[in-house]
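>>> Sequence first, predicted coordinates after that:
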Amino acid sequence: MLRIRGSIGDWPVDLTLEMDDSDWARFGAQLQVSKTDEVSAAAAKPLNQDEALWQIAKDLLRKAGQLSGPDLLEQLEGLTGSAASGKRLLVRLRHCADVKVLSGGDTPLYSWREPA
């Protein structure tokens, strides 16, 4: 299940999409992956829901380049539809080699590192 919350102008949006494993696999296949070994691994084995969400979370930060902890958590909660799942993804991002976390000021800052 994928939950999207937000607004379009003044209109609130709360959309829930139910997807089975084959839907998630097709959705994951549409993601652009920069590393060739990840592409071959994704082609060899369809993504389960957790791995699809993980790929989407990494892609979200990669495209943004940099997000504050609260902003990133809010987007992850919207993506997963639950605070607990959003926090799990945030912790996973914190320990990901492609992510740099700067602690300073009031909130941590999450930045995507381009592979060398």
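In hand now; what should we look at?
>>> can you map out the strands along the protein?
Here the chain has its strands, by DSSP state E, at 2-8, 11-17, 66-68, 99-102, 109-112.
>>> Would you format those strands as a markdown table with mean neighbour count, distance to residue 23 and mean pLDDT included?
(Each C-beta comes from the backbone N, C-alpha and C, glycine too.) Listed next are those as a markdown table, based on neighbours: other C-beta atoms under 10 Å; distance: least, C-beta to C-beta, whole Å; pLDDT from 0 to 100:
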| stretch | mean neighbour count | distance to residue 23 | mean pLDDT |
| --- | --- | --- | --- |
| strand 2-8 | 13 | 9 | 77 |
| strand 11-17 | 10 | 9 | 82 |
| strand 66-68 | 16 | 27 | 91 |
| strand 99-102 | 14 | 27 | 93 |
| strand 109-112 | 18 | 27 | 93 |
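>>> Nearest to residue 54, out of the ones you listed?
strand 99-102 (12.1 Å; C-beta to C-beta).
>>> list the contacts for the residue nearest to the spatial centre of the chain?
Geometric centre of the chain, nearest residue: residue 57, 1.0 Å, by C-alpha atoms, centre = their mean. Residue 57 makes contact with 76, 79, 89, 92-93 under the criterion C-beta atoms under 8 Å, 6 or more residues apart in numbering.
>>> Next, give me the two most distant ones among those.
79 and 92 (12.8 Å).
>>> The two: who's more crowded?
Just comparing residue 79 and residue 92: by other C-beta atoms under 10 Å the higher neighbour count belongs to residue 79, 19 against 16.
>>> For that one, give me the pLDDT.
In this model, residue 79 is scored at 86, pLDDT.
>>> ok, for it, nearest residue in space, not its chain neighbours?
In this structure, residue 79 finds its nearest non-sequential neighbour in residue 56, 6.3 Å apart by C-beta to C-beta, 6 or more residues apart in numbering.
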